[in-house]
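1. sharing a sequence plus its predicted fold:
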Amino acid sequence: MSTAINSQTTQSIDMKLEVIVVPVSDVDRAKAFYAGLGWRLDADFAGDDGYRVIQFTPPGSGASVIFGKNVTDARPGSAQGLYLIVSDIKAAREDLRRRGVDISEVFHAGDVQTGNDEPYLFGRHRVAGADPERRSYRSYASFRDPDGNGWLFQEVTTRLPGRIDASTTTFASRRGSGKRFPARRGRPRRIREAARSPRRGLADLVRRVHRSGADGRTAARVNGLLHGMGHIRALRPPWCVATGAEDSTVGD
C-alpha cells in the first residue's frame with residue numbers, strides 16, 4: 001500500500017477542527033452516556049424556546065463533541081466513523097469496559113479490504129486481535145452511543161511524516177498519547193505560572209482575562225493552554241461565538 005505525503009511547506013491559514021455535531025434523540029440520555037465515558041462536560045446551555053446545546057471533550061482532545069435540540073437536522077445515530085486516537089488500544093478498550101460500555105474486541109487491518117464486516121478506514125474486512133506487529137494506525141475497537149452513532153478507537157504510536165508541525169506542537173503526555181500542549185517559548189509569565197498552579201488559579205486567570213478585555217490573540221493562547229491541558233474549559237466554547245451566550249461553566 002502506498003502512502004501519500006504532502007510535502008508542501010507553504011504556510012496557510014490555520015483551520016483547527018474544534019467541534020463535531022452528533023445527532024441524538026434523547027439529550028439527557030446522551031449526556032449521561034458521554035459523561036460515563038469520562039469526558040469533560042464543557043457546557044449545558046438551554047434556551048427558553050426549547051433550544052439546548054451540550055458540549056463534551058474527550059480527555060486530551062483538541063476537538064469537542066456537541067449535541068442537543070435544534071442544533072442539527074441529521075438523523076439521530078447517523079454520525080459514523082468518529083475516530084478517537086489512543087496510544088494503547090487494549091488499555092483504552094478495557095477502560096470503557098469497566099465503565100459499562102459495549103465495545104467490540106480489538107481488531108486490525110489485514111491485507112484484504114473487501115468483505116462483509118462493518119466498514120472502517122481499511123475497508124470491510126476486520127481481522128481479530130491487535131495488529132501482530134503493533135504497527136501504528138493498524139489496530140482498532142468500535143462502540144456506539146445509545147442512538148447508534150459510531151465511534152472507533154485507533155491506536156497511533158508513531159505519526160507518519162508531515163502529520164505534525166513541530167514548530168507549533170509538542171507532545172508531553174507521559175503515555176505518549178498525543179495530548180497537545182502549546183510550545184513553551186513566548187508564553188506570557190502569568191500563563192506559565194497558572195500552568196503550575198492548582199485549578200483555582202486557572203479559574204482566576206480566566207476571570208482576569210475576561211475582565212481585562214484581553215485581545216483575541218492573548219485569549220486564544222490562554223484557551224489553547226487550558227483546553228489542551230485538560231484542567232479547565234476554554235474561555236468561551238465555540239457555540240458561544242455564534243449564539244452570543246455566556247459560558248457559565250468555569251468554576252473554582
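-> Happy to help now that I have it. Numbering: from 1, shown residues only.

2. from here on, contacts and neighbour counts on C-alpha atoms
-> Fine.

3. residue ranges for the helices of this structure, please.
-> Using DSSP state H, the helices of the chain run over 27-36, 89-98, 189-195, 199-212, 216-229, 238-243.

4. let me see the mean pLDDT of the fifth one.
-> Pointing back at helix 216-229 there. Helix 216-229 comes out with an average pLDDT of 54.

5. now swap in stretch 126-137 and tell me
-> Mean predicted lDDT for stretch 126-137 stands at 91.

6. next: stretch 19-39.
-> For stretch 19-39, the per-residue pLDDT averages 98.

7. identify each buried residue in that stretch, please.
-> By 16 or more other CA atoms under 10 Å, the buried positions in stretch 19-39 come out as Val19, Val21, Val22, Pro23, Val24, Val27, Ala30, Lys31, Phe33, Tyr34, Leu37, Trp39.

8. tell me the span between the first and last residue of it.
-> 14 Å (CA to CA, to the nearest Å).

9. same check, this time on stretch 145-159
-> Start-to-end span of stretch 145-159 (CA to CA) is 28 Å.

10. go on, stretch 65-78?
-> Stretch 65-78: ends 15 Å apart by CA to CA.

11. quick one: contacts of it?
-> 19-25, 27, 50-57, 145, 147-150 (CA atoms under 8 Å, 6 or more residues apart in numbering).

12. export the buried residues of stretch 19-39 to CSV and tack on distance to Val106?
-> Listed next are the buried residues of stretch 19-39 as CSV, based on distance: CA to CA, whole Å:
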residue, distance to Val106
Val19, 27
Val21, 26
Val22, 24
Pro23, 26
Val24, 26
Val27, 29
Ala30, 24
Lys31, 26
Phe33, 21
Tyr34, 21
Leu37, 18
Trp39, 21
